[in-house]
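J.: here is my input, please return the structure:
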Amino acid sequence: MSPLLLASPSPNRRNPNSFSTHPSAGRTHPSRTCPTREEKKMLRHAARRLASRAAAAGSGSMSRRALATAQAPAEAGEDPAFLEAWKKVTTIIEPPQTPMSAMKPRPPTPASIPSKLTVNFVLPYKSEITDKEVDMVMVPATTGLMGILPGHVSTIAELKPGVMSVHEGNDVTKYFVSSGFAFIHANSIADVVAVEAVPLDQIDQSLVQKGLAEFTAKLGSASTDLEKAEAQIGVDVHSALSAALTG
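T.: This next block holds a predicted model:
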């Protein structure tokens, strides 16, 4: 084998001084080393992102806590560009009201952690708890039992069948929730939305055991995937109910 062939670079290795043959022109030209238009666009986008992060990090008035996902202006802002465009079209009709205009302004994140947690607990057909200040709330998240205290970081937790407890000093109110979500904001406000919930002391244990036996039998005799899924949901919910009552 020729020494020249041994010294030749691999065709897959990029060499700025190498030459390649153009398939259509039949002539040689240097290998491409300049970025394409898409690559230049991505580089400019990345540079803007880095510059904005550097500016935010260098701001003395912005803390890490202010970057939380739940941090939002306390007042519902208006879009000045939309209002200006609306005024150009008509000056007689008032601009349309958005859903934000009907909502109460959310309290800003306090500088220090408050002593109480504000809780809202709602169901599709009623509001169980509204703007109630408590010490702690325990929710049955899919990742495990979660305790929510004042100053909790912004979190969205999916709920599973289990017990939700609201702690006010020595008083503890327990609810059984079937499913839902808990939205925990940085301003020590927690919104719990459940598909179904009932106070734990209003549940009949004999009916729970009866329902568990029925759904267990349905799961054993199910022939389709839909029947199996419905029976499994019933078994899971009644098992969680039984565990809540006995535990």
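J.: where does this structure have low pLDDT?
T.: 1-35, 38-78, 98-106 (pLDDT under 70).
J.: so what are the domain limits for it?
T.: Per the record, the chain has its domains at 117-202, 205-246, by automatic domain parsing.
J.: pull up the distance across the longest one, start to finish.
T.: Its first and final residues considered, domain 117-202 spans 26 Å by CA to CA, to the nearest Å.
J.: ranges for the strands of the chain?
T.: Secondary structure of the chain (DSSP state E): strands located at 19-21, 28-30, 117-122, 127-134, 136-141, 144-148, 155-159, 162-168, 171-177, 180-184, 189-194, 197-199.
J.: about what we covered before: deepest of the domains of the chain, which one?
T.: Highest mean neighbour count among these (mean count of other CB atoms under 10 Å): domain 117-202, with a mean of 17. C-beta coordinates here come from the backbone N, C-alpha and C atoms, glycine included.
J.: residues in contact with I189?
T.: Applying CB atoms under 8 Å, 6 or more residues apart in numbering to I189 gives the contacts 106-107, 117-120.
J.: switch to 10 Å and redo it
T.: Counting by CB atoms under 10 Å, 6 or more residues apart in numbering, I189 touches 70, 106-107, 109, 117-120, 131, 150, 152, 183.
J.: on that earlier part again, now the domains of the chain as JSON lines including distance to E94?
T.: Formatted as JSON lines, these follow (distance: least, CB to CB, whole Å):
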{"stretch": "domain 117-202", "distance to E94": "31"}
{"stretch": "domain 205-246", "distance to E94": "49"}
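J.: all helices of this protein, in order?
T.: Applying DSSP state H to the chain gives helices spanning 3-7, 37-58, 80-89, 205-221, 225-246.
J.: one step back: mind checking which of the strands of the chain is nearest T224?
T.: Proximity to T224, assessed across the strands of the chain by CB to CB, is greatest for strand 155-159 (26.8 Å).
J.: pull out the CA atoms of the closest one and give them to me as CSV.
T.: Provided in CSV are the C-alpha atoms of strand 155-159 (Å, rounded to 0.1, in the frame of the first residue of the first chain):
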residue,chain,number,x,y,z
THR,A,155,-45.9,23.6,41.8
ILE,A,156,-48.6,21.9,39.8
ALA,A,157,-49.5,18.5,41.3
GLU,A,158,-51.8,15.9,39.9
LEU,A,159,-54.1,14.3,42.5
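J.: before we move on, the earlier item: Serialize the strands of the chain to a markdown table and add fields for distance to I233.
T.: Output for the strands of the chain, formatted as a markdown table (distance: least, CB to CB, whole Å):
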| stretch | distance to I233 |
| --- | --- |
| strand 19-21 | 62 |
| strand 28-30 | 65 |
| strand 117-122 | 22 |
| strand 127-134 | 23 |
| strand 136-141 | 16 |
| strand 144-148 | 20 |
| strand 155-159 | 14 |
| strand 162-168 | 14 |
| strand 171-177 | 14 |
| strand 180-184 | 15 |
| strand 189-194 | 16 |
| strand 197-199 | 16 |
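J.: of those, which is nearest A244?
T.: That would be strand 162-168 among the strands of the chain, by CB to CB, at 4.7 Å.
J.: just to revisit the earlier point, which of the strands of the chain sits closest to L219?
T.: strand 162-168 (20.2 Å).
J.: between helix 225-246 and that closest one, find me the angle.
T.: Computed with axes from the mean of the first three to the mean of the last three CA atoms, to 10 degrees, the direction of strand 162-168 lies at 40 degrees from that of helix 225-246.
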